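1. have a look; sequence and predicted model below, questions after that.
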Amino acid sequence: HEGLADESGFPLPSLTKKYLQLAKGGIGAIITGYSGVSPEGRCSYHGMLMINSKESIPAYSALVQAVHNLDTPIILQLGHAGRQTRSKITGFQPVAPSAIRDRFFNEEIPRELSEKEIEGVITAFVEAAVRAKAAGFDGIQLHAAHGYLLAEFLSPYMNRRKDRWGGNTQNRFRIIGEIFEQIRAKLPGFPVLVKINGTDGRKNGMRIPEAVAIARLLESAGCAAIEVSCGVDEDGFFSIRSERNPVDAVFHYNFKVQNAPAWIRPLLKFFLKRTFEPKLPSRLYNIPAARAVKAAVSIPVITVGGIKTLPELRSVFENNDADLVSLSRPLILEPNLIEKFISGKQTEAKCIGCNYCALGIESASLRCHFGKLKNPRDLE
């Protein structure tokens, strides 16, 4: 999520500029930040991209054409926030497969979707795919990771339905299978990628064997490539892991902390400092799941998460852990990082893993903070 859309959710020229920096910097393809498929599926972050109307097509077309002028493919990521949003921002009560409160947002219990509403969500994804194709994108990626709506359906932890949309793996996958079937009918041959979790980091949630089963279903559905990530919003930094304690940025940007009474803030800071102290591996942490998925399917598998050096990149391919590597945080500071790797100028990203970028997007557009709340390091 880049936070570079206008009030209608249309991409701003500044987003095009950011993508052009990437295209000039040696990357092989761009997968955009999350673009919402419907108003109630909008995230609560600043400057959210949306593609829920035909009026958005011209703005997206201009972005695509600019990137294509540099011979770089660009794929639009489509998503629905599900329970991971705020009605104060969207104007809609959050929805989910099951009425289970999200412990990160914790403002209200999401409403369980009816079968008719699920069919409406499917239609919204399909219509968004049609708009993406009309705008000239080279494909789409369904965001079914990180606790958003499609991930909620896949996860046994978040989907406790007793009807045909919940229960066994096939039923929990059904919403994605229906999206694929309808996109194939309308857009034969149009590449559809999917981003999934290898693990949710939640008790009774997604685990690697379940992710492998989902990957096999995706391959059967006609998926072009699978990106394997992890985590949900309520797990803190399980999915986007810090190398430094980000508690200062949490206090500066997070809406829950900002709304807390003054008397409790010192206690909150003490507790959060311990909570956010980095404990988990912060490098190559999705490799075990990606490796397992790659062994189970014949379509390309993408790994992401904690990959910052040229030796780490090479190890992915030398060990046959994945077919492609996705980078995000290192490219925020250095959009030309790959060019630097290729030229031999450097072998390690300058990103320090502070995660202030991930926290800052709650209220501002994406940028590198380099571990500081003010005076961000220049991208050059």
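-> Here it is on my side, so go on.
2. chain neighbours aside, what residue packs nearest to Phe255?
-> Excluding the flanking residues, the one nearest Phe255 by C-beta to C-beta, 6 or more residues apart in numbering is Glu362, at 6.3 Å. Every residue, glycine included, has its C-beta placed from N, CA and C.
3. all helices of the stretch 151-300 of the chain, in order?
-> 169-186, 208-221, 247-253, 255-258, 265-275, 287-296 (DSSP state H, counting those that start in this stretch).
4. looking at those helices, which is nearest to Gly91?
-> Counting by C-beta to C-beta, Gly91 lies closest to helix 255-258 out of those; the figure is 16.3 Å.
5. put together CSV for the helices of the stretch 151-300 of the chain, with mean pLDDT and distance to Thr32 on each row.
-> What follows is these, written out as CSV (pLDDT from 0 to 100; distance: least, C-beta to C-beta, whole Å):
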stretch, mean pLDDT, distance to Thr32
helix 169-186, 99, 18
helix 208-221, 98, 20
helix 247-253, 74, 23
helix 255-258, 72, 25
helix 265-275, 75, 31
helix 287-296, 98, 21
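6. need the ones you listed in JSON lines with distance to Gln141, can you?
-> Conversion of the helices of the stretch 151-300 of the chain to JSON lines gives the following (distance: least, C-beta to C-beta, whole Å):
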{"stretch": "helix 169-186", "distance to Gln141": "12"}
{"stretch": "helix 208-221", "distance to Gln141": "12"}
{"stretch": "helix 247-253", "distance to Gln141": "26"}
{"stretch": "helix 255-258", "distance to Gln141": "27"}
{"stretch": "helix 265-275", "distance to Gln141": "31"}
{"stretch": "helix 287-296", "distance to Gln141": "15"}
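7. so which of those helices comes closest to Tyr60?
-> Of all the helices of the stretch 151-300 of the chain, helix 169-186 comes closest under C-beta to C-beta, at 17.3 Å.
8. helices or strands up against that closest one?
-> Packing contacts for helix 169-186, counted by 3 or more C-beta pairs under 8 Å, 6 or more residues apart in numbering; DSSP states H and E, involve helix 115-135, strand 139-144, helix 149-154, strand 192-199, helix 208-221.
9. was I right about Pro110 contacting Thr90?
-> No - counting by C-beta atoms under 8 Å, Pro110 does not reach Thr90; the two are 12.0 Å apart.
10. in terms of neighbours, single out the busier of the two.
-> The residue with more neighbours, out of Pro110 and Thr90, is Pro110; 24 against 18, by other C-beta atoms under 10 Å.
11. just for the stretch 51-200 of the chain, where's the confidence low?
-> The model of the stretch 51-200 of the chain has pLDDT under 70 over residues 106.
12. and if we set it to 90?
-> Applying pLDDT under 90 to the stretch 51-200 of the chain picks out residues 86, 88-89, 102-108, 200.
13. I'd like the helices and strands packed on helix 169-186 laid out as a markdown table, including distance to Ala358.
-> What follows is the helices and strands packed on helix 169-186, written out as a markdown table (distance: least, C-beta to C-beta, whole Å):
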| stretch | distance to Ala358 |
| --- | --- |
| helix 115-135 | 25 |
| strand 139-144 | 16 |
| helix 149-154 | 17 |
| strand 192-199 | 16 |
| helix 208-221 | 23 |
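14. for these, please prepare JSON lines with the additional fields mean neighbour count and distance to Ala262.
-> As requested, the helices and strands packed on helix 169-186 are exported to JSON lines (neighbours: other C-beta atoms under 10 Å; distance: least, C-beta to C-beta, whole Å):
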{"stretch": "helix 115-135", "mean neighbour count": "19", "distance to Ala262": "41"}
{"stretch": "strand 139-144", "mean neighbour count": "26", "distance to Ala262": "37"}
{"stretch": "helix 149-154", "mean neighbour count": "28", "distance to Ala262": "35"}
{"stretch": "strand 192-199", "mean neighbour count": "25", "distance to Ala262": "37"}
{"stretch": "helix 208-221", "mean neighbour count": "19", "distance to Ala262": "43"}
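15. kindly export stretch 67-74 (C-alpha atoms) in PDB.
-> Extracted C-alpha coordinates of stretch 67-74, given in PDB (Å, rounded to 0.1, in the frame of the first residue of the first chain):
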ATOM      1  CA  VAL A  67       5.300   1.900 -16.900                       C
ATOM      2  CA  HIS A  68       4.900   0.000 -20.200                       C
ATOM      3  CA  ASN A  69       6.900   2.800 -22.000                       C
ATOM      4  CA  LEU A  70       9.900   1.500 -19.900                       C
ATOM      5  CA  ASP A  71       9.100  -2.100 -21.000                       C
ATOM      6  CA  THR A  72       8.100  -3.200 -17.500                       C
ATOM      7  CA  PRO A  73       5.100  -5.500 -16.900                       C
ATOM      8  CA  ILE A  74       2.700  -4.300 -14.200                       C
END
